[in-house]
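[1] Next come a sequence and a model predicted from it.
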Amino acid sequence: MTASRRYALYLAPPADSALWRFGSSVLAHDAETGAQPTPPVLAGFDAETWHAMTEEPRRYGFHGTLKAPFRLADGFTEHALEDAVTDFAREHHPFDLPPLVLRAIGTFIALVPPFPVPKLEHLARCAVEELDLLRAPLSVQEIARRRPERLSARQRGYLDTYGYPYVLDEFRFHMTLTGPLPDGERDHALNALAGAYAASGADVPVPVPDVGLYVQEPAGGRFRLARRFELGGK
């Protein structure tokens, strides 16, 4: 059973924060409770269309990636992973992110910091490097899904080394709100989301008191926020 699961270390805003409520409602899925909150009213999009546009990020739940999804290497258990994440979290301290801003990143829309946040970048770098011992190597199929022919030489090297191409100096923190969108639709969605975001009260500094271990089971299913690990915890 455990061998078929995938795990990920994500930044998940506090469950009582406006940002968590906003992101979960946009995706119509709360990864921590399993609830299906009603999406905000977005001008020009009916409920069915918006549900289809958010299908891909809904599977992962609202989050910002620290260590991308991976399977456990042979010889490691979920308990060992939790112990490792506990130790990892203990070595870092809580911090705040500045109010996030909406951006189009390639073909999708996400919330991103308006400027680099060194504490966040350090947290992600340490997660990638320090937890990699527990990660099983990618399968041939998993590598192919990353379209390695489209990656730069550096990104392909990171894919081979860490199982994900966008790490270390290629890391760009983002919290995804839509799947891939055509150009015209993407601009429209960005404008509609901007209005909903401004009205949500989520446009404020974001406390980061912990990191979240997300679990996907069965294969291809949704990720759930299984446990939060306190930063600087004893």
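    Arrived safely, thanks for sending.

[2] for stretch 140-156, which positions count as buried?
    E142, R146, L151, Q155, R156 (16 or more other Cβ atoms under 10 Å). In this view, the C-beta of every residue, glycine as well, is placed from N, C-alpha and C.

[3] Equivalent analysis for stretch 186-200, please.
    Those would be R186, H188, A189, L190, A192, L193, A196, Y197, S200, for stretch 186-200 by 16+ other Cβ under 10 Å.

[4] Phi and psi next, for H174.
    Phi and psi for H174, reported as degrees, to the nearest 10, are phi -160, psi 150.

[5] That one contacts G106, doesn't it?
    No. Using Cβ atoms under 8 Å, H174 makes no contact with G106, being 10.3 Å away.

[6] one step back: show me which pair in the buried residues of stretch 140-156 is furthest apart.
    Using Cβ to Cβ, the pair of the buried residues of stretch 140-156 lying farthest apart is E142 and Q155, separated by 15.1 Å.

[7] Spit out the contact partners of the closest residue to A219 other than its chain neighbours.
    Take A219 and drop its neighbours on the chain: the residue closest to it by Cβ to Cβ, 6 or more residues apart in numbering is S4, 5.3 Å away. With contacts defined as Cβ atoms under 8 Å, 6 or more residues apart in numbering, S4 is in contact with R71, E217, P218, A219.

[8] now, which of these sits nearest L19?
    E217 (26.3 Å).

[9] Give me the neighbour count for that closest one.
    Under the neighbour criterion other Cβ atoms under 10 Å, E217 is assigned a count of 16.

[10] Pull up the per-residue confidence for it.
    Per-residue confidence (pLDDT) for E217: 75.

[11] Number the chain from 473, please
    Got it, the first residue is 473 from now on, which makes the last one we talked about E689.

[12] Which residue comes closest to it once chain neighbours are left out?
    Per Cβ to Cβ, 6+ apart, closest to E689 is R477, 4.7 Å.

[13] how much space between the one you found and V584?
    29 Å (Cβ to Cβ, to the nearest Å).

[14] What's the local residue count around R562?
    14.

[15] I'd assumed V678 was in contact with S489.
    Yes. Assessed by Cβ under 8 Å, S489 is found in contact with V678 at 7.1 Å.

[16] Those two: who's more crowded?
    V678 (24 against 16).

[17] got a list of what the more buried one touches?
    Counted by Cβ under 8 Å, 6+ apart, V678 has contacts P485, S489, L491, D568, L569, P570, P571, L572.

[18] OK, contacts around the second one?
    With contact set as Cβ under 8 Å, 6+ apart, S489 has these partners: A674, V678, P679.

[19] Likewise for the fourth one?
    For D568, the set of contacting residues under the criterion of Cβ under 8 Å, 6+ apart consists of P677, V678, P679, V680.
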